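*Asks:* Sequence and predicted structure are below.
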Amino acid sequence: MNIRPLHDRVIVKRIEAERTTSSGIVIPDSAGEKPDQGEILAVGHGKILENGEVRKMDVKVGDRVLFGKYAGQTVKVDGQELLVMREEDIMGVVEA
Amino acid sequence: MNIRPLHDRVIVKRIEAERTTSSGIVIPDSAGEKPDQGEILAVGHGKILENGEVRKMDVKVGDRVLFGKYAGQTVKVDGQELLVMREEDIMGVVEA
Amino acid sequence: MNIRPLHDRVIVKRIEAERTTSSGIVIPDSAGEKPDQGEILAVGHGKILENGEVRKMDVKVGDRVLFGKYAGQTVKVDGQELLVMREEDIMGVVEA
Amino acid sequence: MNIRPLHDRVIVKRIEAERTTSSGIVIPDSAGEKPDQGEILAVGHGKILENGEVRKMDVKVGDRVLFGKYAGQTVKVDGQELLVMREEDIMGVVEA
Amino acid sequence: MNIRPLHDRVIVKRIEAERTTSSGIVIPDSAGEKPDQGEILAVGHGKILENGEVRKMDVKVGDRVLFGKYAGQTVKVDGQELLVMREEDIMGVVEA
Amino acid sequence: MNIRPLHDRVIVKRIEAERTTSSGIVIPDSAGEKPDQGEILAVGHGKILENGEVRKMDVKVGDRVLFGKYAGQTVKVDGQELLVMREEDIMGVVEA
Amino acid sequence: MNIRPLHDRVIVKRIEAERTTSSGIVIPDSAGEKPDQGEILAVGHGKILENGEVRKMDVKVGDRVLFGKYAGQTVKVDGQELLVMREEDIMGVVEA
């Protein structure tokens, strides 16, 4: 079962802290919102601009992305916990 | 009796938690606004853009959609409790 | 005596709860802003867009509409209590 | 002595409650901002749009208008108390 | 020494209450922000619109204008107390 | 060592109150944000408009400008305390 | 391992206060948000404008930039603490 995100939303599978450490990225324990990592499972068609056009997404399925700890909303699909967030909430793409 | 939603609004019939579980999607009990599911019964003509054009809707009647728990307003029509929400409040379309 | 609403405003005569029940729509007693029904008595020319054009209204005189309980402002004309609200405040048109 | 209102402002002379009642419009005593009536004495050239054009006013000198009780600013000119408000604050034009 | 105001700002010399009364305009003592009068000493080139164009000012040097009591910022130049405000803060031009 | 300000920002060297008095401008001690003076040391290329164009700055290096007391951010460069602010924060240019 | 920032974001490596002092810029201890310095390691493609175009960045890899103390979000990559911020948060480029 799949979810097709609307507009500029993406479906992200969070990558757990254990895997994060082994990949070389460590989330510091300092104050403030800390970025987290995940893999993109699905992307919407793009953001609707004020002139009615749709701007294509800058991320694609399979991208490993950084995002704020509280970005998106959680949904459990087929026993798997996923995140639905906007492209705007993604800080960057991790290139290994 | 039908309701024709205005602009970028949709009429959604919520799908209850029991059915949700059997379809493989489980709403977690963690904190924050949790997404819910429903079926679209009616859609408006689309969002009015600043240049006066109308952008068609990305959802259609019959779509099963995810939305935030507090999205939309409740209205009871012919004994049936429905939700009126904006397309913007829909996170994604469930493709079974 | 009539009122010509400006821009994207409409004049609405609220339809009382008693009549609402008989027409098959029941307003639930749950928390939150509950939609109410009314009949449109007059409509403005339309919303002024940022490019100076006027977008025609999607509702017309005689339409039965749903709106939030606190939408609009009350005014009594010739002993009759009416509501002045924006088209934006209308959730949908009831098609009997 | 006259005041030429700038842009989308109008000069309004409030019509007192006594006269209001006789004309058939009664302001109810319920909670919330109640509409009031007045006669337009002067209008600006119109609202400046983002593209630099000026949109003409939808009201003219002599119109009897409805507006929110707290709309506009009071100014006394030649002993007469007037209101300066934006066209946006006018709810509708009373057509007797 | 002069000040050239930027964009849509004007330099205003406030006209005192004593002179105001003699000219027929009386500022009422009721609650709320009360309009005040002044003479325009300098105007900017105009407001910068979103398309990059500059919209000319609707007021000119020498105009007597009405403005809110707390509009603008005070600056003393050569011993004279002046106000710097935006054209938007001006309610109207007094035509004697 | 120089700082090149980005977009519509300027680098300003504040002119102290002692010099201000001698030049004929006195900052009154009344309540509210009081304008201050400074000399522009560097300007950005201009403001980025929504259509992607860049609007040139209305101030240039060497201009003596008025600005609000709390405008901008302080930075010490080579022992000299400077201000980085947006052109929007500048009220006017002093022409001696 | 690299991070490709999205849109108008940049990856910045903060330059510590010790190095700051030796380079001639001293961050004063006064109240308010104090600017900090860093070197840009990566830049996004640019800001997405409302007409769908992308505006190129005004900073490039290797630029030494000033930014507010609380600008951006911290992320540790390969043991190195970095900042992800928007170009908008950058006050200026230091030209040695």
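*Replies:* That came in fine, so what should we check first? Bear in mind that the values here come from a model prediction, so they are computed numbers and not experimental data.

*Asks:* contacts, neighbours, all on C-alpha from now
*Replies:* Fine.

*Asks:* Now do A:N51 against chain G, distance only.
*Replies:* In this view, A:N51 and chain G are 7 Å apart by C-alpha to the nearest C-alpha, to the nearest Å.

*Asks:* which residues sit in contact with that residue?
*Replies:* The contact partners of A:N51, by C-alpha atoms under 8 Å, 6 or more residues apart in numbering or on different chains, come to B:L49, B:E50, B:N51, G:E50, G:N51.

*Asks:* can you list the residues you listed in JSON lines and add secondary structure and pLDDT?
*Replies:* Compiled in JSON lines, the contacts of A:N51 are given as follows (DSSP: H, G, I helix; E, B strand; the rest coil; pLDDT from 0 to 100):
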{"residue": "B:L49", "secondary structure": "coil", "pLDDT": "82"}
{"residue": "B:E50", "secondary structure": "coil", "pLDDT": "77"}
{"residue": "B:N51", "secondary structure": "coil", "pLDDT": "78"}
{"residue": "G:E50", "secondary structure": "coil", "pLDDT": "77"}
{"residue": "G:N51", "secondary structure": "coil", "pLDDT": "78"}
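
*Asks:* biggest strand in chain A, by residue count?
*Replies:* Longest strand in chain A, counting residues (DSSP state E): strand A:35-43.

*Asks:* Export only the CA atoms of that one, formatted as CSV.
*Replies:* These are the backbone C-alpha positions of strand A:35-43, laid out as CSV (Å, rounded to 0.1, in the frame of the first residue of the first chain):
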residue,chain,number,x,y,z
PRO,A,35,18.2,17.9,12.3
ASP,A,36,17.4,14.3,11.6
GLN,A,37,17.9,12.0,8.7
GLY,A,38,15.6,9.9,6.5
GLU,A,39,15.1,8.4,3.1
ILE,A,40,12.5,9.7,0.7
LEU,A,41,9.9,7.1,-0.3
ALA,A,42,7.5,9.2,-2.4
VAL,A,43,7.3,12.8,-3.7
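
*Asks:* how near is the closest residue to A:I15 other than its chain neighbours to chain B?
*Replies:* Spatial nearest neighbour of A:I15, excluding adjacent residues (C-alpha to C-alpha, 6 or more residues apart in numbering or on different chains): A:G38 at 4.7 Å. Here A:G38 is placed at a distance of 18 Å from chain B (C-alpha to the nearest C-alpha).

*Asks:* and A:G38, how many neighbours does it have?
*Replies:* A:G38 is flanked by 22 other residues according to other C-alpha atoms under 10 Å in any protein chain shown.

*Asks:* so who does it touch?
*Replies:* Counted by C-alpha under 8 Å, 6+ apart, A:G38 has contacts A:V12, A:K13, A:R14, A:I15, A:R64, A:V65, A:L66.

*Asks:* touching chain G at all, the following helix or strand past the longest strand of chain A?
*Replies:* Per DSSP states H and E, strand A:35-43 leads on to strand A:47-48 as the next helix or strand towards the C-terminus. No - Strand A:47-48 is not in contact with chain G by C-alpha under 8 Å from any C-alpha of the partner chain; minimum separation 9.2 Å.

*Asks:* And strand A:47-48, what does it pack against?
*Replies:* Packed against strand A:47-48 by the contact rule (3 or more C-alpha pairs under 8 Å, 6 or more residues apart in numbering or on different chains; DSSP states H and E) you find strand A:54-55.

*Asks:* what mean pLDDT does the strand it packs on have?
*Replies:* For strand A:54-55, the mean per-residue pLDDT is 87.

*Asks:* For chain B, see how far away A:V59 is.
*Replies:* 17 Å.

*Asks:* Would you mind measuring from that residue to chain G?
*Replies:* According to C-alpha to the nearest C-alpha, A:V59 stands 9 Å off from chain G.

*Asks:* Specify the local secondary structure of that residue.
*Replies:* On the three-state scheme (DSSP: H, G, I helix; E, B strand; the rest coil), A:V59 is labelled coil.

*Asks:* where's stretch A:76-95 relative to the chain centroid, distance-wise?
*Replies:* On the basis of C-alpha atoms, centre = their mean, to the nearest Å, stretch A:76-95 sits 3 Å off its chain's mean C-alpha point.

*Asks:* Going by neighbour count, which residues in that stretch are buried?
*Replies:* A:76-77, A:81-87, A:89-94 (16 or more other C-alpha atoms under 10 Å in any protein chain shown).

*Asks:* Next one: it, is it in contact with chain B?
*Replies:* Yes - residues of stretch A:76-95 contacting chain B under C-alpha under 8 Å from any C-alpha: A:K76, A:V77, A:D78, A:G79, A:V84.

*Asks:* ok, and what's touching stretch A:87-96?
*Replies:* By C-alpha under 8 Å, 6+ apart, stretch A:87-96 touches A:8-10, A:57-59, A:63-68, A:71-72, G:1-6, G:9, G:84.

*Asks:* now, which of these lie within strands?
*Replies:* Using DSSP E, the contacts of stretch A:87-96 in strands are A:9-10, A:64-68, G:2-5, G:9, G:84.

*Asks:* Buried ones among these?
*Replies:* Judged by 16+ other C-alpha under 10 Å, buried ones among these: A:R9, A:V10, A:R64, A:V65, A:L66, A:F67, A:G68, G:I3, G:R4, G:P5, G:R9, G:V84.

*Asks:* Who's the closest spatial neighbour of the first one, skipping the chain neighbours?
*Replies:* Looking back up the chat, that one is A:R9. Nearest non-adjacent residue to A:R9, counting by C-alpha to C-alpha, 6+ apart: A:R86, 4.1 Å away.

*Asks:* I'd assumed A:V10 was in contact with that neighbour.
*Replies:* Yes - using C-alpha atoms under 8 Å, A:R86 is in contact with A:V10, at 6.0 Å.

*Asks:* middle-most residue in chain A, spatially?
*Replies:* A:V12 (4.4 Å; C-alpha atoms, centre = their mean).

*Asks:* Write down the beta-bridge partners of that residue, one by one.
*Replies:* Counting by DSSP bridges, A:V12 forms beta bridges with A:I40, A:L83.

*Asks:* Please list all residues in contact with it.
*Replies:* A:V12 is in contact with A:G38, A:E39, A:I40, A:L41, A:A42, A:L82, A:L83, A:V84, A:M85, counting by C-alpha under 8 Å, 6+ apart.
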